[in-house]
Structures are given as C-alpha cells and as structure tokens.
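[1] everything below, folded, please.
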Amino acid sequence: MLPLPFSAGSPIDRRTLLVAGTSALGLVSPAFQSCSLAAPVPRTKVAKSTIMIWLSGGASHIDTWDMKPQAPLEYRGLFSPVCTSAASIQLCEHLPHLAKQAHHLAIIRSLGDHGRGTGDHHAGYYYNLTGHAPDPTFHRLLNARTPYATDWPSMASVVAMKRPPHPSLPQAITLPQKEGAPEYTRPGQFAARIGLECDPVFVDGSREKPMDFAAPALKLQGEISASRLRSRRELLTTLDESRSRLEKTIAFGNYSKQQQKAFTLLGSSQTKSAFDLGQETDATLDRYGRGINSTTMLMARRLVEAGVPFVTVFWKDDRELDTLCKSGGGWDTHGNNFNCLKDRLLPEFDRPFSALLADLHERGMLDETLVMVSSEMGRKPKVGDPRSGGPNGAGRDHWTSSMSILMAGGGIRGGQVYGSSDRYAEFPAANPTAPEDIAHTVFHAMGINDLSAQDAEGRPLHLMAEGRPLLELF
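    Numbers count the residues shown, from 1 in each chain. Now for the predicted structure:
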C-alpha cells in the first residue's frame, strides 16, 4: 500500500497537499471523469503510451545526432560521426549502443523556436513541453518566470485528459523529479488551465538509492503508519487537519474529488507492483545499468507496460558535473563540453536508452509505445562560451534556434531523418519544424484528434491551434 507524505502535525506546501489529495491525478472513478473528456479517434497503429525522455539543460545536437563533419573545427568540435544500423543515420562515435538501434529512430533535425523564444531555459521548457510559444511574460522575466495557472497544459496533461482513464494507475507520471524544485519550478510541466487533476503524478528517485522510487504525495512520514491508511475516517481527518494550513487557491474546489481519487490509488496492488523494480531480473538491470537515469528508463518501461498513457523522464542531474561542466549538473554544458559528454553524459544516456528501445521491441511493445528524446534547447554550434572562458573553456552556450528530437515506435517509421539544419547546425534548413508540430505529432500518434477542452471557468479552448502533425514520419 502506498503512503502519504505528511503527518498531521508536519508542515507541507500547498502543491504537495493538493497532489496528495489528487494522488491519482487522472485516475478517476466513473463519478470523476473530468480528465478523460473525449475518446481518441481510431487510426492505424494508435500508440497506447508515450515515453518522453528530457535531457535537462539542453543537449548539444551538433555533438550527438546532427553532426557536421565538414564544418570548421570550431563548429564541428572534437567528435566524429559513425555509421549505424540505419543507412541514412550517422551518430556520434560516443553513442555505440544507440548506433545499433538506429533503425528504430526517426531524427527530426530541423526543429527551432524561429525567434519566438528567449534563448533561456524557462521559455525552452515551456515551448517544447506544451507546444505553445512563450508569451511576453517569458521575455520580460526570463528564468524568473514561474508557472502560471493560465499557462497552456503540457502534452502529458493533454494526453491525461483525452485518453480513457486507467482503472488503477495515474494517466501521466513524471519521474525521477519535478523540474526546478525546490528553488524554482520550470513552467510547462503542469496541467495549468485545464485543471489540477490533469497534472502528472511526480515520482521521486535519487542517485544515492536508484532502485527506490516514491511519489511524494503517497509517501508516509512521521506518525502515520500504513495501517492507519486503511481507515477512510483517519485519512480524511489527516487531510482535513492539513487543510487548515492550506492557503486559498482556485484549485481548492477540486479538493473533495481529489480525496476520493487518492483512495483508488492507495488501495491498488497494481500500483505497488508497477513501482517495484525488484521484480526485474539482474540481467535486465545490468542491461539498462544501475544508475538513476538507467533505472528511471526501466521504470518508464514498467509503467507503460502497466498501461500508463504518458511517462516523462527528466534527466537526473549529477552535482559533480556542475563544477566540471558549468552545467548545473545536467546537459547545460557551458564549459568542458567535450569531456563531460564523452566521459559522463553520453555513456549514461547511451546504454539505458538503447536498452529501452531494444526491450520494448523484444516485448512487442514498440509499435504501441511512442518514445521521444527532447530538451529545452540545443547548444551553440560555435565552441566557446564567453561565460566560461571562451574557446579555452571548450563550452557551448544556449542555442534555441536549432535542435533535434529523436522519435521511435508508436507508428513512426524507423531509420529515417526528417528535415535538416544548415551546414553549421545553426538554423533549420529543409522542412523547418516548430514545437507545436511536435506536439501535434505526439497527439496524432496517440490517436487524439479532438483537441477541444474547457478551462476552469467553463470557457471553450482549442488546445493546439497552431502547427500540424508530421505525417511523413508515419
């Protein structure tokens, strides 16, 4: 039985309480179906689930899957491309495992923000997670721009709303962290204007204990034991006591139905089983790797195997890299870009991601699971970030004008490249693509053609008015 994260006397923040109340968040009984408003329109090879792997910080496209070996050294950098299992795809030499799985991949090399972003992280998160261009507040506030209740919802939340409810698991799960917490939170990862109950469930993992995952909203602390949760009265009493400390919020009206959703999840044996990596064999664990980013991708496979419609994997940072790469611990390689990629980031990504593709294929799940690798930006093709020593610092600055996305499965034809960047990987060239096109492509793969909704005031919304699905990929 999964637990709650607070005792009656412990202080909690507003969102934690609300998430605790909504612990199913898209997990609805027949009386609470506001997160499953429309049945998907059938099409050939409709994907049952999506796994989105997010390389937090901004992965360097020119050093990985859009290499420019003919460009001058100060652009192309130190790495060489290698042939792969797909004749049309070359990848970085430091992705040897992925090279063997490239026949599953579609690489979109013509993605950019087309001048609509700010060149910084918050706007990049928002644009690429929601498919909606950053509004003027992002340009004014940059990384001080926090999530707003009026933001457009994430792709995960739209899928949570539109797909039929899972009988015992959340519609959308994010792991192993909520991005940006606790200092600040990146916009774009929430349901926002379509309602808190469509938020993903956030599941925590750590580098110190990579086999242990817990939803903070379902974790016992302090005085509450598992046996107490068997009593509906005592659970409601605990929530009501904490409720007195909850500041007023527009989401407060959802409180009672969120309570009822919590009981469904807390009583589900399937939930407990889905989160138990101990059920995997040593061979499988070794295949993926034992670190947190490896076990998180394995957990994503378990969750879609259990029928969760949307799983987001946010890359777990490594604080050692903050000093080595001026990167905040992730893919934001302002300094020492090549060593950090070669020695740390690429090996830590290459092994589990290639294992995930192979594992899904071997289990007959890849056709019904859309897998994508995305980020908030690419890296500046010209080496030398002035903030970290210029050319001698060997870093790459932010670059939102050009980036790449990987897609596989879910009806996507593998072994192909869509679009291209220019000769220096600075700007889209052939078939320029924007984040709204990527969002439409995800919805199309999931069989979601009705993108109408209502906001909290009952006003009609069109969830994705701009862009189009990239049908050429299917």
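
[2] so Ala327 touches Arg344, yeah?
    Small correction: residue 327 is Ser, not Ala. No. Ser327 sits out of contact with Arg344 when judged by C-beta atoms under 8 Å, with a separation of 9.9 Å. Any C-beta I mention is one placed from the backbone N, CA and C, and that applies to glycine too.

[3] so which of these two has more stuff around it?
    More crowded of Ser327 and Arg344, by other C-beta atoms under 10 Å: Ser327, with 26 against 16.

[4] ok, that one - contacts?
    Applying C-beta atoms under 8 Å, 6 or more residues apart in numbering to Ser327 gives the contacts 57, 321, 333-335, 340.

[5] quick check on it: phi, psi?
    In terms of degrees, to the nearest 10, the main-chain angles of Ser327 are phi -120, psi 0.

[6] how close does it get to Asn128?
    As defined by C-beta to C-beta, to the nearest Å, Ser327 lies at a distance of 18 Å from Asn128.

[7] name the residues contacting each of Ser327 and Arg344.
    Joint contacts of Ser327 and Arg344 (C-beta under 8 Å, 6+ apart) are Leu321.

[8] helix or strand right after the single longest helix found in the chain?
    Longest helix in the chain, counting residues (DSSP state H): helix 346-362. Counting by DSSP states H and E, the next helix or strand C-terminal to helix 346-362 is strand 369-374.

[9] tell me what that following strand is packed against?
    strand 49-54, helix 346-362, strand 403-408, helix 435-445 (3 or more C-beta pairs under 8 Å, 6 or more residues apart in numbering; DSSP states H and E).

[10] of these, which is nearest Phe427?
    Proximity to Phe427 (C-beta to C-beta) singles out strand 403-408 among those, at 10.9 Å.

[11] now the closest one and strand 369-374, what's the angle there?
    Per axes from the mean of the first three to the mean of the last three C-alpha atoms, to 10 degrees, the angle that strand 403-408 makes with strand 369-374 is 160 degrees.

[12] confirm for me that Ser168 is in contact with Lys272.
    No. Look at Ser168 against Lys272 with C-beta under 8 Å: they stay out of range, at 10.1 Å.

[13] compare these two (neighbour count), which wins?
    Ranked by neighbour count (other C-beta under 10 Å), Ser168 and Lys272 place Ser168 first, with 18 against 13.

[14] for that one, which three-state class applies?
    For Ser168, the assignment made with DSSP: H, G, I helix; E, B strand; the rest coil gives coil.

[15] could you do Val158 as well?
    Applying three-state DSSP to Val158 yields a three-state assignment of helix.

[16] same question for Arg109.
    strand.

[17] is it true that it touches Ser404?
    Yes. Using C-beta under 8 Å, Arg109 is in contact with Ser404, at 5.0 Å.

[18] where do the contact lists of these two overlap?
    If you check Arg109 and Ser404 against C-beta under 8 Å, 6+ apart, the residues they both contact are 61, 65-66, 421.
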